[in-house]
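*Asks:* output the structure for:
(2 chains)
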2 protein chains.
Amino acid sequence: MKVRVEVFLKPGVLDVQGKAIEAALGGLGFAGVSDVRVGRIITLDIAGDDKARAEAEAKSMADRLLANAVIESYKVEAG
Amino acid sequence: MKVRVEVFLKPGVLDVQGKAIEAALGGLGFAGVSDVRVGRIITLDIAGDDKARAEAEAKSMADRLLANAVIESYKVEAG
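*Replies:* This next block holds a predicted model:
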């Protein structure tokens, strides 16, 4: 089963990558761009057809490896 | 208007980050995990309420800055 894990910096944590992109877009002439945030998506295939189980397992993966709980939050979506 | 741009390596391009995560998950005891791919999400706010215009502008941003067209593909979603 395909699972998507989206990892973003928590609100309030300075997103330097986002700031850099925002500045670069301004430099390229794109006006009116604000609040640029950059996150990661991890897509993976978990063996089995049990959606609830796949989501639970992906959450465990996010807690242990995919996200840094101190500064990042994540969202898991299976199916 | 909020816009999301998802950037992934094209199929066939070796995803070393994905491979590293896959190996690390195996090492942590997660079995049955395969096809791990890692991408980026860029969320941004574009001034104005015209969805089609925002999407067109975001595509232009992706072509010029956010994605490397040689090895990456992207998907834009506004609203």
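*Asks:* pLDDT score assigned to residue A:79?
*Replies:* On the pLDDT scale, residue A:79 is placed at 85.
*Asks:* ok, the spatially closest residue to it that is not a sequence neighbour to residue B:24 distance?
*Replies:* Spatial nearest neighbour of residue A:79, chain neighbours left out: residue A:51 (5.5 Å); criterion: Cβ to Cβ, 6 or more residues apart in numbering or on different chains. Just so you know, the C-beta spots here come from the backbone N, C-alpha and C atoms, and that holds for glycine as well. Per Cβ to Cβ, to the nearest Å, residue A:51 is found 24 Å from residue B:24.
*Asks:* now swap in residue A:28 and tell me
*Replies:* Residue A:28 is 36 Å from residue B:24, by Cβ to Cβ.
*Asks:* same deal with residue A:50?
*Replies:* Distance, residue A:50 to residue B:24, using Cβ to Cβ: 23 Å.
*Asks:* give me the more crowded residue out of these two.
*Replies:* Neighbour tally, residue A:50 and residue B:24, criterion other Cβ atoms under 10 Å in any protein chain shown: the higher count belongs to residue B:24, 15 against 12.
*Asks:* any idea which element the more buried one lies in?
*Replies:* Following DSSP states H and E, the helix or strand that holds residue B:24 is helix B:16-27.
*Asks:* buried residues in that helix?
*Replies:* Within helix B:16-27, the residues that count as buried by 16 or more other Cβ atoms under 10 Å in any protein chain shown are B:18, B:21-22, B:25.
*Asks:* next helix or strand past that helix?
*Replies:* Heading C-terminal from helix B:16-27, the first helix or strand you meet, by DSSP H and E, is strand B:33-46.
*Asks:* just checking, what packs against the helix or strand following that next one?
*Replies:* Using DSSP H and E, the helix or strand that follows strand B:33-46 in sequence is helix B:51-61. Helix B:51-61 is packed against strand B:2-9, strand B:33-46, strand B:72-78, with contacts defined by 3 or more Cβ pairs under 8 Å, 6 or more residues apart in numbering or on different chains; DSSP states H and E.
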